[in-house]
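Asks: Need coordinates for the following:
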Amino acid sequence: MKGADKIHYYEVAISGSPLRSTFSYHFDDELAVGQRVAVNFAGRNVIGYIAGISSKPQFKTKPISKPLESQVYLSPEDVALINWTVENYLASIGKVFDLFFPPGKLLKSNSHVIPISPELPFSTPLKMSDALKLLGKEQFQKLKSQRKLKILHSYEKKLPSKRRIKLLKLPLSIKTLESLKLTKSQKKVIDYLLSVEKATPRELMNALSLKSRSPIDTLLRKEILVLEEVEEDETDRWTIEAIEKLTAEQEHVREAIVKDFSGVHYIFGLTGSGKTEVYFKIMERVLNRGKSVIYMVPEVSLTPQLMARIRGAFPGREVRVYHSYMSPAKRQRIWLDAVNGEIDILVGTRSALWIPIQNTGLIIVDEEHDSSFYQQTPPHYDAVEVAIKKGKLYGIPVILGSATPRVERYFRAKSGEFKLHSLVNRPVGQLPELEIRDLRNNKDYIIPRKTFEEIEKTVKLGHQVFVFVHRKGFSNYVVCANCGNILKCPNCDISLTYHKHDGILKCHYCGYTIPPPTKCERCGSKALSARGFGTERVEHELQKRFPDLSIMRMDRETISNPNQYEKALRKIESKEAKIVVGTKMIAKGLDFPSIGLVVVIDADRIINLPNYDSAENAFQLISQISGRSGRGVHGRAIIQTFEPEHRVMKTALENDYKGFFETEIEIRKLLKYPPFSIFVEIIVEAEKEIQCQNAAKELYEKLVNTVKGSEILEPVTPAVKKLFGKFRMKIHLKLFDRGELRNLLKVLQKNPAGVDVIVNSNGGSL
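Replies: Here you go, the predicted structure:
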């Protein structure tokens, strides 16, 4: 009986589990909330997290096998942030805990006990195991609670060593190179290296489509090229010189933020108005006070240019970038550096926000409007809202910035929840001149003759052109002209996209591919026709019209990692690429002074997406991509549309965000969409359609009886009724009381795992 008094009971969250509940376990020693443990769950040995301390339950509990480490990586504030995320996004608690840790093997730590009181029987640090033997568990805990001893943790960084790679570079001056007699292939190699500075032999061969390595070997032999071996991290050393002096307007915003340096500040600044320069000056102040900075960007594609600017602005500072494209070993190294307080500036996507970096003094969220900040796979959450909550819990100032704010957040800023600052002038260049081009009654709906002429004129002036296309691929679907059958993915209710370059039909959701068929699978007709268009088709049309120009395509098919993206940016910076055709990745945060013209090929596709915020997303995208031009030269933007009278087109033409906001907020108020409600989408999935329909109906009835103060719509079949081999049904809710989220969570905790929930999705869902 005496031994039973020592048993402690805990609520444990299971790592990787889709379930929204915790589970009761017991252990014969004290454990801390946030500590990682090993448990047996459903017959498997898994990682768990101590989510809370509980009293003895009425049922029999399993034992916790062991704590995984004595170090508790998560602070009480971290655990509070986890609980807030679970409650506000109805997410799986185990998966939210997982966000705080890097992938790969568990980290190992060594723990030492430091004597503080002279009455202890040892005067020098002891290993934890030796101290426990000497004092016993009970005495150890007593001395710990009396603060007569201290525990110090160190980490074993037994991680794979940094990979070394060989890079080609030019050791000679341009003047010397011009005097050399080179073959055509050798000249191509030299020109490429002049634009990117360094490249591996394989990268160079792929980029130039060289059939052999002979030109490279010849240039190496003649010492025109050199091959140097460097650590992988050292390849990322592109720098852009910092702007030292702020404009009067920028300085005014900086002073206003520093004067009241707490809570949430919102910088509403036109594209190219210099928000980044203001961020840097405030960061400098924080860093000089010994604090670290988390700098969040929406996508990894933005990090190469931003990192180059940060390196130029903060030479000698420890700067790291963190994102999901990195290898597990590299992410673990950065995580360890952050935990040990060895990082000054951490740049990253939404995953960087969860790293327990030490001594944080500022969180910056650039381009806060971007849909990439919303995690579209479980656990769903809005990283901007999590950053705001993290700042509040930790007492850290948060700065948000955008030229086209999210309607909900601008509403909150105007209401006084955030401190609002404005930048309305461009330090360099002017806002682009916008033209809405009416495509009605125009046979050439992809690129009309007049648009071709504008592109040609811009290039002749020595400027560059960005061409934005909403989708990738050559054509969006293949249809039988005889029976109307559209080729679809067998796993998803989605038409297959034709990729001419690779000669395949591909599903952009699950990745399923097939070669293009020669006849219709339904009627046997050979009258198959590719319809619609994407980036590859637009590139093809431009290449036909301008065969001698360097045209570069930037989408997920051509750019699959940050290194490729950085090389593409250097091609733009060196003006090697005259025309750039791309998807959203060319619309975000890029700053090149030679962009003279931006063309938005298919604005209507964005506006007409079936989401409550589609007009907002369209306005943002049009404004952002248009803002890439006019930063160093006279800029123009052509927006092609079949709906020139649409309110998005009118306000975009006048660069009038406030006008767009006033109209949009009235529509939201009338229809009770955010910020006047919490909009929840519940997706029910099952392998059989009838099972899916029955499960959705049953859940709907439970919700109607439990979740009050809300508007609940009956289950509907979504636009994509089948995805990854599972049928889907959707239930939409508008909650008018935040407290109803708790009632909704209780219903979901009792429901099976095959239910996904998205709260206030940015950019909508399928």
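Asks: Now do the contacts for I486.
Replies: Taking C-beta atoms under 8 Å, 6 or more residues apart in numbering as the contact definition, I486 lies against 477-480, 495. Any C-beta I mention is one placed from the backbone N, CA and C, and that applies to glycine too.
Asks: which of these sit farthest apart?
Replies: C480 and S495 (12.3 Å; C-beta to C-beta).
Asks: May I have the beta-bridge partners of K419?
Replies: When bridges are taken as DSSP bridges, the partners of K419 come out as H265.
Asks: which residues are contacting stretch 313-322?
Replies: When contacts are defined by C-beta under 8 Å, 6+ apart, stretch 313-322 is touched by residues 236, 242, 280, 283-284, 287, 303, 307, 310-311, 331, 334-335, 337-338, 342-349, 351-352, 355.
Asks: What of stretch 708-726?
Replies: The contact list for stretch 708-726, computed with C-beta under 8 Å, 6+ apart, reads 491-494, 509-510, 610, 672, 677, 683-687, 692-693, 696-697, 699-700, 703-704, 727-737, 739-740, 743, 766.
Asks: Then stretch 541-550?
Replies: Counting by C-beta under 8 Å, 6+ apart, 446-447, 452, 455-456, 459, 467, 551, 576-579, 581 sit against stretch 541-550.
Asks: Spatially, what comes nearest to K500 if we skip its sequence neighbours?
Replies: F474 (4.0 Å; C-beta to C-beta, 6 or more residues apart in numbering).
Asks: R537 is in contact with that neighbour, correct?
Replies: Yes. F474 lies in contact with R537 (C-beta atoms under 8 Å); the separation is 4.7 Å.
Asks: okay, and the common contacts of these two?
Replies: In contact with both F474 and R537: K500, using C-beta under 8 Å, 6+ apart.
Asks: So the two - more neighbours on which side?
Replies: R537 (24 against 20; other C-beta atoms under 10 Å).
Asks: Quick check: the more buried one is in a strand.
Replies: No. Under DSSP: H, G, I helix; E, B strand; the rest coil, R537 sits outside any strand and is assigned helix.
Asks: Need the pLDDT of it.
Replies: pLDDT recorded at R537 is 88.
Asks: Confirm for me that it is in contact with K472.
Replies: No. R537 lies out of contact with K472 (C-beta under 8 Å); the separation is 9.9 Å.
Asks: List buried residues within the contacts of stretch 541-550.
Replies: 446-447, 452, 455, 459, 467, 551, 576-579, 581 (16 or more other C-beta atoms under 10 Å).
Asks: quick one: the nearest residue to F27 once chain neighbours are set aside from F23, how far?
Replies: Among residues not flanking F27 along the chain, I64 sits closest, at 4.2 Å (C-beta to C-beta, 6+ apart). To F23, I64 is 11 Å away according to C-beta to C-beta, to the nearest Å.
Asks: Report the set of residues contacting both of these two.
Replies: V12.
Asks: ok, these two, which is more surrounded?
Replies: I64 (23 against 19).
Asks: residues contacting the residue nearest to E30 when sequence neighbours are not counted?
Replies: Leaving aside its chain neighbours, E30 sits nearest to H8 (6.0 Å; criterion: C-beta to C-beta, 6+ apart). Listed by C-beta under 8 Å, 6+ apart, the contact set of H8 reads 26-31, 53.
Asks: let's see it at 10 Å
Replies: Applying C-beta atoms under 10 Å, 6 or more residues apart in numbering to H8 gives the contacts 25-31, 50, 53-54, 56, 64.
Asks: residues near K95, how many?
Replies: That count, for K95 with other C-beta under 10 Å as the rule, works out to 23.
Asks: how about it, phi and psi?
Replies: The phi and psi torsions at K95 (degrees, to the nearest 10) take the values phi -70, psi -30.
Asks: Kindly provide the distance from it to I601.
Replies: Plainly put, K95 is 38 Å away from I601 if you go by C-beta to C-beta.
Asks: for K245, same thing?
Replies: 39 Å.
Asks: Neighbour count: the two, which is higher?
Replies: I601 (25 against 9).
Asks: OK, contacts around the more buried one?
Replies: I601 sits next to 439, 445-447, 451, 467-471, 533-535, 537-538, 541, 581, 638-640 when contact means C-beta under 10 Å, 6+ apart.
Asks: In helices, which of those residues appear?
Replies: Of the positions in these, 451, 535, 537-538, 541 sit in helices, assigned by DSSP state H.
Asks: Below-threshold pLDDT in the stretch 451-600 of the chain: ranges please.
Replies: For the stretch 451-600 of the chain, the stretches with pLDDT under 70 are 588-591.
Asks: Closest to I82 out of the ones in helices among the contacts of I601?
Replies: Nearest member of these to I82, counting by C-beta to C-beta, is T535, at 39.5 Å.
Asks: Assess the claim that the closest one and N476 are in contact.
Replies: No. If you go by C-beta atoms under 10 Å, T535 and N476 don't touch, sitting 11.3 Å apart.
Asks: what do these two both touch?
Replies: Residues touching both T535 and N476 (C-beta under 10 Å, 6+ apart) are H470.
Asks: How many residues are close by the residue nearest to N751 when sequence neighbours are not counted?
Replies: In this structure, N751 finds its nearest non-sequential neighbour in L699, 6.3 Å apart by C-beta to C-beta, 6+ apart. By the criterion of other C-beta under 10 Å, L699 has 20 neighbours.
Asks: helix/strand/coil for L699?
Replies: helix.
Asks: roughly how far apart are it and C480?
Replies: 38 Å.
Asks: dump the residue contacts of the residue nearest to N751.
Replies: Applying C-beta under 10 Å, 6+ apart to L699 gives the contacts 682, 684, 715, 729, 731, 747-748, 751-752, 755.
Asks: Buried subset of the residues you listed, written for PyMOL?
Replies: Filtering the contacts of L699 down to the buried ones (16+ other C-beta under 10 Å) takes a single PyMOL command:
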select buried, resi 682+684+715+729+731+747+748+751+755
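Asks: Of the contacts of L699, which is the nearest to E119?
Replies: E119 lies nearest to L748 out of those, by C-beta to C-beta, at 53.1 Å.
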